[in-house]
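below are the sequence and a predicted model; questions follow.
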Amino acid sequence: MIQSPEEVRQAISQCFELVISECRLILASELHYQAMLYHHLRQTGGIPFNQLGMNVKTTIPGVQHPFLHQKSLSRHADYQNADIEIIPDITVFTRDIDHDWRRRNFISTLKETLYSLEVKASERHKGRLQQKEIETDIRKLVAQREETERIHNRRIGVGMFIIDVAPDPDERMKGATLNYLTEFARQQEVDIWYFNQETQVETSAKPTPVTS
């Protein structure tokens, strides 16, 4: 049983080297890498299958965070400032989710989240992961954390997992971009796991205690 964001961080770190070694041997889509990570979080990280969700639709009611509020402004006027639905790539829940993270269980999916993880992979032909897209994901994670804390008095863990194993260096993230995003994530207290064919980075935010 996983009971805290810190235990999730430890589980990700525990399987990090194995994920790196396998992903460096495979050229695949982002969803395929995501599935590989999911597998190792269960088999190597020890996260129980009934606490680990992938692409779970999660509803945040009556959003107040500026990032999500701005997103709501792009909708029809009748639906602005209403509920916002997000879909984290990987979510670790408390046991109280009771293995039910269907869309209809939207009240519990936000409340019982322990950790939300976004996965990005380099799979662009003659292109690379861009600073803006990852920075946007970091902002979305921070918004989810702050909205969860506001609504449910629970501070969740959040992280970015970046798989940048394109064999062509011109299709990998620039070093300056990685440096900027690592520092930006640190300031926002967002965990970062990154690797390409030669190097790897693991930067954990400070521990986030769960409050009830």
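Nice, thanks for sending it over. Keep in mind it's a predicted model, so treat the numbers as computed, not measured.

make it CA atoms for all contacts and neighbour counts henceforth
Fine.

so in the protein, which strand runs the longest?
As assigned by DSSP state E, the longest strand anywhere in the chain is strand 113-121.

what does that one contact?
The contact list for strand 113-121 (C-alpha atoms under 8 Å, 6 or more residues apart in numbering) reads 3-5, 8, 29-30, 33-34, 88-94, 129, 134, 137, 141, 156-165.

same thing but at 6 Å, please
5, 30, 88-93, 156-164 (C-alpha atoms under 6 Å, 6 or more residues apart in numbering).

mean confidence (pLDDT) on it, please.
Strand 113-121 shows a mean pLDDT of 96.

next: stretch 50-69.
The model assigns stretch 50-69 a mean pLDDT of 86.

likewise for stretch 170-179?
Rounded mean pLDDT across stretch 170-179 is 92.

how about the CA coordinates for that stretch, as CSV?
The C-alpha trace of stretch 170-179 is given here as CSV (Å, rounded to 0.1, in the frame of the first residue of the first chain):
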residue,chain,number,x,y,z
ASP,A,170,18.7,17.4,-33.2
GLU,A,171,15.5,15.8,-32.1
ARG,A,172,16.3,16.0,-28.4
MET,A,173,15.7,18.9,-26.0
LYS,A,174,18.4,21.5,-25.9
GLY,A,175,20.6,21.6,-22.9
ALA,A,176,19.6,25.2,-22.1
THR,A,177,15.9,24.2,-22.2
LEU,A,178,16.5,21.4,-19.8
ASN,A,179,18.4,23.6,-17.4
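
which positions within it qualify as buried?
Using 16 or more other C-alpha atoms under 10 Å as the test for burial, stretch 170-179 gives 171, 172, 173, 178.
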